[in-house]
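Engineer: Fold the following for me, if possible:
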Amino acid sequence: MAKNRAPAKTMLESLDGLIAEHHLLKHPFYQAWTEGKLPKESLQLYAEQYYQHVRAFPENLKELAGRANGPLALLVKENLAEELDPSGPHSSLWRQFAQSLGVSDAALDGARPLPGIAALLDTYDEVASQGSMTQAVASFYAYEAQVPEIATQKISGLRRFYNITEPRALAYFGVHEEADVRHRAAWRAWLATQKDEDAFGVLCTAERSLKALWGALDAVYPQAKTTKN
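Structural biologist: As a prediction, the model looks like this:
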């Protein structure tokens, strides 16, 4: 008698598995942050370098919004509107975090991306402008699905170990701790409506994006010497 076989995973289930495998909270950089073992200089470099991604992310959303239509176009535009909120654009909130570490606006504006950061910028720019809609959404989902839990851990670590407690310094993470719960739910709901015909291409693109996110942390914390990815 044939043995019972587990049903094949859906594309979304496989995508969630990839996110769990490459989750950024497993990276030595964030582990050191949450344990209070990260030198302030590493936090400063991170603030300076990762700002490049924070600044580029709305442009990635704009690129995708220009190619999307129907419910997806609305979803992307709503996400973009939050990024550019006049009362607190997310790039400005990041600057407040950087300032709490002693990183000047001039340093943020004049920083040249390290190779790992440049690779992250290139990856999301390419996916947003050239990937299929499903590939692009999977990549955005792979990123924002992780953010709420990461933001919570960052806030805790900054308060507990680095004496950064001012609301304006923590505002960027506080906003994403809440907003990206909604964003990941919206991306996920849209992905659930898609057929699995291009599942291989979608999963490959998502994994590339996840590895680029991991590589960005490698760039600012080379002492990790990790072989995870």
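
Engineer: tell me the centre residue of the chain?
Structural biologist: Nearest residue to the geometric centre of the chain (CA atoms, centre = their mean): Y143, 3.7 Å.

Engineer: Can you verify my assumption that that residue contacts A206?
Structural biologist: No - using CB atoms under 8 Å as the test, Y143 is too far from A206 to be in contact (9.6 Å). For glycine as for every other residue, the C-beta is placed from the backbone atoms N, C-alpha and C.

Engineer: Can you get me a residue count around L101?
Structural biologist: L101 has 18 neighbours, counted by other CB atoms under 10 Å.

Engineer: my read: it touches K40, true?
Structural biologist: Yes - between L101 and K40 there is a contact at 6.9 Å, judged by CB under 8 Å.

Engineer: quick revisit: leaving out chain neighbours, which residue sits closest to the residue nearest to the centre of the chain?
Structural biologist: Closest residue to Y143 apart from its sequence neighbours, by CB to CB, 6 or more residues apart in numbering: L213 at 6.3 Å.

Engineer: Could you tell me how many residues sit around that neighbour?
Structural biologist: With other CB under 10 Å as criterion, L213 counts 24.

Engineer: For N69, see how far away it is.
Structural biologist: Distance, L213 to N69, by CB to CB, to the nearest Å: 28 Å.

Engineer: Name all residues that make contact with the residue nearest to Y143.
Structural biologist: H22, L24, L120, A142, Y143 (CB atoms under 8 Å, 6 or more residues apart in numbering).

Engineer: Now the helix or strand where the last one lies: buried residues?
Structural biologist: Assigned by DSSP states H and E, Y143 belongs to helix 133-144. Residues of helix 133-144 classed as buried: M133, T134, Q135, A136, V137, A138, S139, F140, Y141, A142, Y143, E144 (neighbour count, 16 or more other CB atoms under 10 Å).
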